[in-house]
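# Return atomic coordinates for the entry below.
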Amino acid sequence: MKRSDRLVGLTNFFVNNPQKLVQLSYFTERYNASKSSISEDLDIINEMLKYEGIGSLERFPGAAGGAKYIPNFTNENSIQFIQSLCEKLEDPSRILPGGYLYMSDLLGDPSIVKQIGKVFVSAFFKKKIDAVVTVETKGIPLAYAVADYLNVPVVVIRRNMRVTEGSSVSINYVSGRSQRIQTMVLPKRNLQEGMNVCIIDDFMKAGGTVTGMISLLEEFKATVVGIGVFAEAEDNNNERMIEQYTSLIKVSNLQNKDINVKYGSILQK
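Residues are numbered from 1 along each chain as shown. Coordinates of the predicted model:
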């Protein structure tokens, strides 16, 4: 096999298997090449990944070592993408009753959702994450986009108990500004105890939903190592229920229908 052919095969494998540690012997057998040749191939791929701004290959020495692809996308690309989101969302016709923003068309676009996943992964790639957690329903595609790059499972918290999911843990929590009592449910089989998790949500006002998710995850002895929110409503009343989170965009003046959309906390990290 020519080196050019081998490079295509290796690159395709790593890009489709992020965060997966693979021994070099796997590639020597697959491509019938020496370890030194494979090692040189990985050096070339690593340089191109960095050049393209999409991550790097991490190498691990020793008999049990190998290599794995670490997705990490450049800040420049993130800025350009977030700017395009701000322009799309800064449309008064998107304002919904109750101070919400219509975003379903964006969250239903696979190319946009994939790009959102890239931006979040760039914020969390240094953390040890065992699962991505979200609450139904609009945060689900975002959670899958992030989990795909991290190569971890998605755990979906439900609003109502389902008999098809077996024994579950449920909690009552107080939503943010509406101050209503609501319920969250998570089947026991969906999340192992003691995991490191990343929370992903689509929209945050006061943070009541995220706070409820954190309380529910405490029942599973899970550690929340990151919180990612696609859009947050700017809070001028100091009512935010959480402090440590990463948002892509920040929306203000929804009630006055003079909408303003700007960069979230992602570019401050």
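
# hey, let's count contacts and neighbours off CA atoms from now on
Noted.

# Spatially central residue for the chain, please.
residue 146 (3.1 Å; Cα atoms, centre = their mean).

# just checking, next helix/strand downstream of the helix or strand hosting that residue?
Here residue 146 sits within helix 140-150, counting by DSSP states H and E. For helix 140-150, the following helix or strand on the C-terminal side (DSSP H and E) is strand 154-157.

# contact partners of that next one?
Here strand 154-157 makes contact (Cα atoms under 8 Å, 6 or more residues apart in numbering) with 131-136, 140, 143-144, 147, 184-186, 190-191, 213.

# Could you list which of these belong to strands?
Among the contacts of strand 154-157, the ones falling in strands (DSSP state E) are 131, 132, 133, 134, 135, 184, 185, 186.

# and which of the contacts of strand 154-157 is nearest residue 28?
Proximity of the contacts of strand 154-157 to residue 28 (Cα to Cα) peaks at residue 147, which lies at 28.9 Å.

# just the strands in the stretch 51-200 of the chain please.
Secondary structure of the stretch 51-200 of the chain (DSSP state E, counting those that start in this stretch): strands at 55-60, 66-71, 95-96, 100-101, 131-135, 154-157, 168-174, 181-187, 196-204.

# Make JSON lines out of those strands and add distance to residue 30, mean neighbour count and mean pLDDT.
Below are those laid out as JSON lines (distance: least, Cα to Cα, whole Å; neighbours: other Cα atoms under 10 Å; pLDDT from 0 to 100):
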{"stretch": "strand 55-60", "distance to residue 30": "19", "mean neighbour count": "19", "mean pLDDT": "94"}
{"stretch": "strand 66-71", "distance to residue 30": "15", "mean neighbour count": "22", "mean pLDDT": "94"}
{"stretch": "strand 95-96", "distance to residue 30": "54", "mean neighbour count": "17", "mean pLDDT": "84"}
{"stretch": "strand 100-101", "distance to residue 30": "50", "mean neighbour count": "18", "mean pLDDT": "78"}
{"stretch": "strand 131-135", "distance to residue 30": "30", "mean neighbour count": "25", "mean pLDDT": "97"}
{"stretch": "strand 154-157", "distance to residue 30": "31", "mean neighbour count": "22", "mean pLDDT": "96"}
{"stretch": "strand 168-174", "distance to residue 30": "44", "mean neighbour count": "16", "mean pLDDT": "88"}
{"stretch": "strand 181-187", "distance to residue 30": "40", "mean neighbour count": "19", "mean pLDDT": "90"}
{"stretch": "strand 196-204", "distance to residue 30": "34", "mean neighbour count": "24", "mean pLDDT": "95"}
